[in-house]
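**Student:** Fold the following, please.
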Amino acid sequence: MTTGSRAPSPTTQAPEPVNAEPGFDVSFIMPAYNEEEVVGVTAKRLLEAFARAGVRFELVAVDNGSKDRTGEILRTLREQHPNVVVHRIDLNEGYGKGVLEGIPLCRAPWVGIIPADGQVDAEDVVRLYESAAATNGHIVAKVRRRFRLDGLTRKIVSTTYNLFVRLMWPTLASLDINGSPKLLRRDKLLAMELGSKTFLLDPELMVKAHYMGMRVLEFNVFARMRGSGLSHVRASTCWEFVHELLAYRFSPALRRWRRQVAAGQVAVPAAHAR
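**Tutor:** Numbers count the residues shown, from 1 in each chain. Now for the predicted structure:
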């Protein structure tokens, strides 16, 4: 089993896809941008929680163009844990870019996406996987940050954003579109052909899961405040979301993908037997 990071280069090349391996039960992609104060703690808690549960866990940590010690911390972690993969992106192009480059590196049949901020307890992430693994696999399992300590302004922004998403897609089965971690089968994730480099990746995933007929398994969790580090989401980000959502809702790319799914040109994997 080979793990490691790709050496930084003037133009970072996207990683080549790898084949799924039976050695892991679940892989989680953790994009991290200037998260030196929290990334090490978040990663260690995940590694310990999955180990205690007896789940074969792979962490794909993506240094998403950080300018602080995030990459150094992740490389040290990789040296200590053989189930940690580290990938470096030289230029930060957004949260989604970090996820997109992490997807091909995942080797487990289940793939999750989780922020580096540690706001969701590692034990809740384990329970999310265990619940998802007990289904037929035709689902997106995710958290709903039901109890949040973000402050009034952040709650208003989040509520407005989620209402706007529901206005665009009234039958979308989620009350917290950007709630992460998210978890789904690797083959279904690949069939989505995700392409958003920004925070639009979250609604893109949920919208495509909707069009693929996937059920949403949404868990209520307690979302902690950051103990340290800075959030990269601002009140102005809401307006960026609105602009990007409108553009995506009527984009030729989404219409083309939906036509391909309807015509059977995009392989939508069937449900998996437990």
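**Student:** Please name every helix or strand in contact with the top helix by length along the chain.
**Tutor:** The residue-count maximum for a helix in the chain (DSSP state H) belongs to helix 152-168. Helices and strands touching helix 152-168, as assessed by 3 or more Cβ pairs under 8 Å, 6 or more residues apart in numbering; DSSP states H and E, comprise strand 139-148, helix 235-249. Yep, even glycine has a C-beta here, placed from its N, CA and C like the rest.
**Student:** chain center to that helix: distance?
**Tutor:** The chain centroid and the centroid of helix 152-168 are separated by 20 Å under Cα atoms, centre = their mean, to the nearest Å.
**Student:** Residue ranges in the stretch 101-250 of the chain under the pLDDT threshold?
**Tutor:** Residues of the stretch 101-250 of the chain meeting the criterion pLDDT under 70: 147-154, 224-238.
**Student:** same thing but 80
**Tutor:** Within the stretch 101-250 of the chain, the segments meeting pLDDT under 80 span 145-159, 222-241.
**Student:** follow-up on the earlier one: what does the next helix or strand after the longest helix of the chain rub up against?
**Tutor:** Next in sequence after helix 152-168, counting helices and strands by DSSP states H and E, comes strand 182-185. With Cβ atoms under 8 Å, 6 or more residues apart in numbering as the test, strand 182-185 has contacts from 26, 109-113, 128-129, 132, 137, 139-142, 202, 205, 209, 214, 269, 272.
**Student:** Emit the PyMOL select command for whichever of those are buried.
**Tutor:** For the buried members of the contacts of strand 182-185, the matching PyMOL selection, counting by 16 or more other Cβ atoms under 10 Å, is:
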select buried, resi 26+109+110+111+112+113+128+129+132+137+139+140+141+142+202+205+209+214
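**Student:** Mind checking which of the contacts of strand 182-185 are in strands?
**Tutor:** Counted as lying in strands by DSSP state E, out of the contacts of strand 182-185, are Val26, Trp110, Val111, Gly112, Ile113, Ile139, Val140, Ala141, Lys142.
**Student:** Please tell me I have it right and the last one contacts Ile177.
**Tutor:** I take that to be Lys142. No. Lys142 lies out of contact with Ile177 (Cβ atoms under 8 Å); the separation is 9.1 Å.
**Student:** what about Ser131, how many residues close to it?
**Tutor:** By other Cβ atoms under 10 Å, the residues close to Ser131 number 14.
**Student:** ok, it to Val165 distance?
**Tutor:** 24 Å (Cβ to Cβ, to the nearest Å).
**Student:** And Ala270, by the same measure?
**Tutor:** Counting by Cβ to Cβ - Ala270 and Val165 are separated by 28 Å.
**Student:** Pull the contacting residues for the residue nearest the centre of the chain.
**Tutor:** Residue closest to the average C-alpha location in the chain (Cα atoms, centre = their mean): Ile113, at 2.3 Å. By Cβ under 8 Å, 6+ apart, Ile113 lies in contact with Phe28, Ile29, Val99, Ser180, Pro181, Lys182, Leu183, Leu205.
**Student:** you'd agree Val216 is in a helix?
**Tutor:** No. The assignment for Val216, made by DSSP: H, G, I helix; E, B strand; the rest coil, is strand rather than a helix.
**Student:** what about it, distance to Met206?
**Tutor:** Per Cβ to Cβ, Val216 is found 8 Å from Met206.
**Student:** One more: Pro252?
**Tutor:** Note on Pro252: its distance to Met206, by Cβ to Cβ, is 20 Å.
**Student:** And the two? Which one has more around it.
**Tutor:** Met206 (23 against 7).
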